[in-house]
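>>> Fold the following for me, if possible:
(one chain, ligands or ions: 1)
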Amino acid sequence: MSARTTNAATTASTPGAGARSEKEIIAELLQTVSASRLTLFLQCRLKFFFRYVLSIPKPKAPALHVGNAVHAALKARNRARWLQQPLSLKALHDSYSAAWTDESEGKVDWAGAEAEEKAIGWRLFETYLREHPLPEDLKPDAIEVSIEADLREHGLPRLVGILDLVLQSRIIDYKTSSTTPNPERVAHTHEVQTSGYAVLYRHNTGQRELGLELHHLVKLKNPKVVVTLMPPMSDEQQTRLFHLMDAYQTGLQRGDFVPSPGMQCACCEFFNECRRWK
Ligand code: SF4
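Predicted coordinates:
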């Protein structure tokens with residue numbers, strides 16, 4: 001473990017770390033990696049350290065809570081279509097409300113805006129339903145499937161992930177956002193995730209996906225949906241993903257958890273802990 005990491009650790013509280021040592025936690029993190037964990041590591045290694053090694057508890061962000069509830073309603077919609085069962089709007093709203101009351105990922109500080117945020121999230125979901133109905137006779141290939149890919153032959157950790165929806169061999173991932181995504185940039189900014197899904201899909205089906213789609217549900221006064229269509233993952237994209245996974249692996253092995261100060265710090269929940277890093 002580097003001295004820089006040790007200094008960060010000693011200045012932060014570690015109530016969530018339990019009885020396991022940092023070394024044991026890092027050894028576990030080296031076994032498997034998800035696209036979201038890899039993305040955070042690439043964004044800021046110190047933030048990754050605070051969240052996944054020290055497990056410093058933080059209040060859940062309101063936007064994440066809204067996104068989770070919308071995602072639960074989407075999941076209920078897709079599951080009903082998978083089972084070829086009808087599902088009323090009320091049943092979907094029940095799924096949304098049940099997810100809303102789930103505090104297993106921490107409480108949210110709503111600052112008095114909970115009812116308004118809940119209504120906004122539901123309006124967002126209704127907009128999606130209206131603009132992107134699933135045809136009655138179209139059964140998804142897979143929904144919310146948790147899969148993994150053994151990449152030992154490449155000298156890499158096991159890749160794990162959950163595919164939101166696979167429809168006619170196209171991998172679809174849902175996002176909620178407060179700003180309209182730029183279609184040209186979004187393919188680049190989400191490439192770790194989309195390439196990760198493609199690798200998972202290919203390992204588990206033995207087939208190439210026909211394409212990837214990001215469905216952004218945009219939380220504006222007048223909600224809207226932006227769908228970004230992408231071709232199948234290219235060989236170059238897979239190579240890039242594997243290089244990034246290698247950087248994750250060697251970074252963790254070296255205990256390299258330096259901060260990356262930048263624009264992302266404005267919304268970092270570990271800002272105070274980070275200021276004490278030396
Ligand atoms: S404040 Fe910035 S540099 Fe510090 S941990 Fe957060 S994202 Fe990283």
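
>>> Okay, and residue 208 sits in which element?
Assigned by DSSP states H and E, residue 208 belongs to neither a helix nor a strand.

>>> Quick one: residues contacting the residue found closest to it once you drop the neighbours it is linked to in the chain.
The shortest distance from residue 208 to any residue other than its chain neighbours is 5.3 Å, reached at residue 232 (C-beta to C-beta, 6 or more residues apart in numbering). (Glycine included, C-beta is placed from N, CA and C.) Applying C-beta atoms under 8 Å, 6 or more residues apart in numbering, we find residue 232 in contact with 198, 208-212.

>>> please redo it, this time with the cut-off set to 10 Å
Contacts for residue 232 were tallied using C-beta atoms under 10 Å, 6 or more residues apart in numbering; they are 169-171, 194, 198, 201-202, 208-212.

>>> how far does the strand or helix carrying residue 246 sit from the chain's center?
Assigned by DSSP H and E, residue 246 falls within helix 235-254. From the chain centre to the centre of helix 235-254 is a distance of 18 Å (C-alpha atoms, centre = their mean, to the nearest Å).

>>> cool, and stretch 269-278?
Between the centre of stretch 269-278 and the centre of its host chain there is 23 Å, according to C-alpha atoms, centre = their mean.

>>> buried ones in that stretch?
269-270, 273-274, 277 (16 or more other C-beta atoms under 10 Å).

>>> same deal with stretch 132-152?
Neighbour-count burial for stretch 132-152 flags 134, 140-143, 145, 147, 149, 151 (criterion: 16+ other C-beta under 10 Å).

>>> repeat for stretch 30-46
Buried-residue list, stretch 30-46, by 16+ other C-beta under 10 Å: 33-35, 37-41, 44-46.

>>> Just confirm yes or no for it near the ligand.
Yes. Applying C-beta under 6 Å from any ligand atom, one finds that stretch 30-46 is in contact with the ligand at 44, 46.

>>> quick one, strands of the chain?
Shown for the chain, the strands assigned by DSSP state E span residues 32-34, 142-149, 158-167, 170-177, 211-218, 224-230.
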